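In: this is the structure alone, sequence omitted:
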Ligand code: COA
Ligand code: ZN
């Protein structure tokens, strides 16, 4: 079991997974402002949008405009989700740094989400990997419904393994194991991640893509981290969900994930203070409250003034323990 401090990478998927399911169209300018603000938080990657059919995902029909208008901060990898060759060409035309190809491990969700059989999607993705190699653009492959399918229930982990190996062998630079509707549980995540970390080539980095539909996302992230996973997708404010998966709800909250790892001394590269400032703007952006516990409670060392009556009750003694400093990034000293 791997428990030592280490650096991890967070891929902020809020602009794509987060907004794709929102019923009210978020204006292009607001999407651009969101990505630009996220660019200053220290993320390794930001998934900006997806190049899908506008009929399938109307919320992201402005993908070209968003990609053209964002400010590219050096050091941040700007990635886009693409479901087919047509989407890939559009993303390449917009200068995406990296592409996120997608298909489902379960047949029914693949058909519902992509209108293709798994066989058709596999062929499409293999052709896309070849095309991306010509273009010199790295691709990762997201495997939806890896830990369970909202239509079929349990999904055979061997199927996810088979697809992961197939795409890694075809040159995928990354494999993302996606828990599309929050069906994963920690021991399941640990088992599959350990098996794949041991068997996949080093050229294909593993990412966990978790949804908090049943409140297990942070536990699943921890379980994955303990087996050596060092990349996580997350969405600010816990936005997100697949419109073609019944019962879908938000991704693991980026701020909760960053906060948990910061408490443990694991460097995510992400600054919590500017991120929380962004999360505070999200309820207005999506016209509803967002499920952010950290936004409500504050970081663990946010302290409050002691009740005024305490001093009088204890005879004015000034020897009560001092409170924390309330700094969002503060964490206890090692062993403290
Ligand atoms: N970008 C833009 N338009 C596209 C496109 C793409 N990548 N792929 C197909 N289209 C267009 C076609 O031109 C066609 O348009 P028309 O009706 O005006 O002629 C229409 O979409 C249907 O094309 P078709 O090839 O028959 O696609 P489909 O209806 O079988 O849908 C997908 C296939 C993959 C395009 C569609 O299911 C999709 O975009 N799914 C994405 C789902 C998603 O993003 N889910 C959440 C993330 S996991
Ligand atoms: Zn998702």
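Out: Here it is on my side, so go on. Nothing here was measured: the structure is a model prediction, and the numbers come from that model. Ligands and ions are numbered 1, 2, ... in the order given.
In: and residue 10, helix, strand or coil?
Out: Taking DSSP: H, G, I helix; E, B strand; the rest coil as the rule, one finds residue 10 in the strand state.
In: right, and residue 125 touches residue 101 too?
Out: Yes: under the criterion of Cβ atoms under 8 Å, residue 125 makes contact with residue 101 at 5.0 Å. All C-beta atoms are positioned from the backbone trio N, CA, C, and that covers glycine.
In: between those two, what contacts are shared?
Out: Here residue 125 and residue 101 have 141, 167 as joint contacts, going by Cβ atoms under 8 Å, 6 or more residues apart in numbering.
In: contacts only, for the residue in the stretch 101-250 of the chain positioned nearest to ligand 1.
Out: Closest contact between the stretch 101-250 of the chain and ligand 1, by Cβ to the nearest ligand atom, is at residue 115 (3.5 Å). Contacts for residue 115 (Cβ under 8 Å, 6+ apart) come out as residue 56.
In: how near is it to residue 53?
Out: 9 Å (Cβ to Cβ, to the nearest Å).
In: now do residue 179
Out: Plainly put, residue 179 is 25 Å away from residue 53 if you go by Cβ to Cβ.
In: of those two, who's got more company?
Out: residue 179 (27 against 14; other Cβ atoms under 10 Å).
In: and the more buried one, what pLDDT?
Out: Reported pLDDT at residue 179 in the predicted model: 98.
In: check residue 6 too.
Out: Reported pLDDT for residue 6: 79.
In: what about it, how many neighbours?
Out: When counting by other Cβ under 10 Å, one arrives at 13 neighbours for residue 6.
In: that one contacts residue 264, correct?
Out: No: look at residue 6 against residue 264 with Cβ under 8 Å: they stay out of range, at 10.0 Å.
In: now do the buried residues in stretch 200-218.
Out: Of all the residues in stretch 200-218, those buried under the rule 16 or more other Cβ atoms under 10 Å are 200, 204-213, 216-218.
In: which one of those sits closest to residue 58?
Out: residue 211 (21.2 Å; Cβ to Cβ).
In: next, that closest one: phi, psi?
Out: Residue 211 adopts backbone torsions of phi -110, psi 150, taken as degrees, to the nearest 10.
In: who's it bridged to?
Out: Partner residues in beta bridges with residue 211, using DSSP bridges, are residue 251.
In: hang on, the earlier thing: what about the buried residues of stretch 200-218, which are in strands?
Out: Among these, the members falling in strands (DSSP state E) are 205, 206, 207, 208, 209, 210.
In: neighbours of the nearest residue to the first one once chain neighbours are set aside, how many?
Out: Spelled out, that is residue 205. Closest residue to residue 205 apart from its sequence neighbours, by Cβ to Cβ, 6 or more residues apart in numbering: residue 174 at 4.7 Å. By other Cβ under 10 Å, 24 other residues sit near residue 174.
In: residues contacting residue 174?
Out: Residue 174 neighbours (Cβ under 8 Å, 6+ apart): 138, 139, 140, 141, 204, 205, 206, 207, 231.
In: again, only this time at 10 Å
Out: Shown here is residue 174, whose contacts under the criterion Cβ atoms under 10 Å, 6 or more residues apart in numbering are 11, 45, 79, 98, 100-101, 138-142, 167-168, 200, 203-207, 231.
In: and what of residue 251?
Out: Residue 251 neighbours (Cβ under 10 Å, 6+ apart): 12-14, 17-18, 178-179, 182, 209-213, 217, 232-241, 257.
In: sorry, back to before: and the contacts of residue 174, which are buried?
Out: Using 16+ other Cβ under 10 Å as the burial test, the contacts of residue 174 include 11, 45, 79, 98, 100-101, 138-142, 167-168, 200, 204-207, 231 as buried.
In: show me the residues you listed that map onto helices.
Out: Residues from the buried ones among the contacts of residue 174 lying in helices, with DSSP state H as the criterion: 167, 168.
In: filter the buried ones among the contacts of residue 174 by proximity to ligand 1?
Out: Contacts with ligand 1 within these, counted by Cβ under 6 Å from any ligand atom: none were found.
In: give me the pLDDT for the residue nearest to residue 205.
Out: pLDDT recorded at residue 174 is 98.
In: who is it paired with across the strands?
Out: residue 140, residue 205.
In: hang on, residue 48 in a strand?
Out: Yes: assessed with three-state DSSP, residue 48 lies in a strand.
In: OK, contacts around it?
Out: The contact partners of residue 48, taken as Cβ under 10 Å, 6+ apart, are 12-13, 15-16, 31-32, 34-35, 38-39, 60, 63, 66-67, 70, 78-81, 91, 94, 96-97.
In: whichever of the residues you listed end up buried, select them in ChimeraX.
Out: To isolate the buried members of the contacts of residue 48 in ChimeraX, using 16+ other Cβ under 10 Å:
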select :12,13,15,16,31,32,34,35,38,39,60,63,66,67,70,78,79,80,81,91,94,96,97
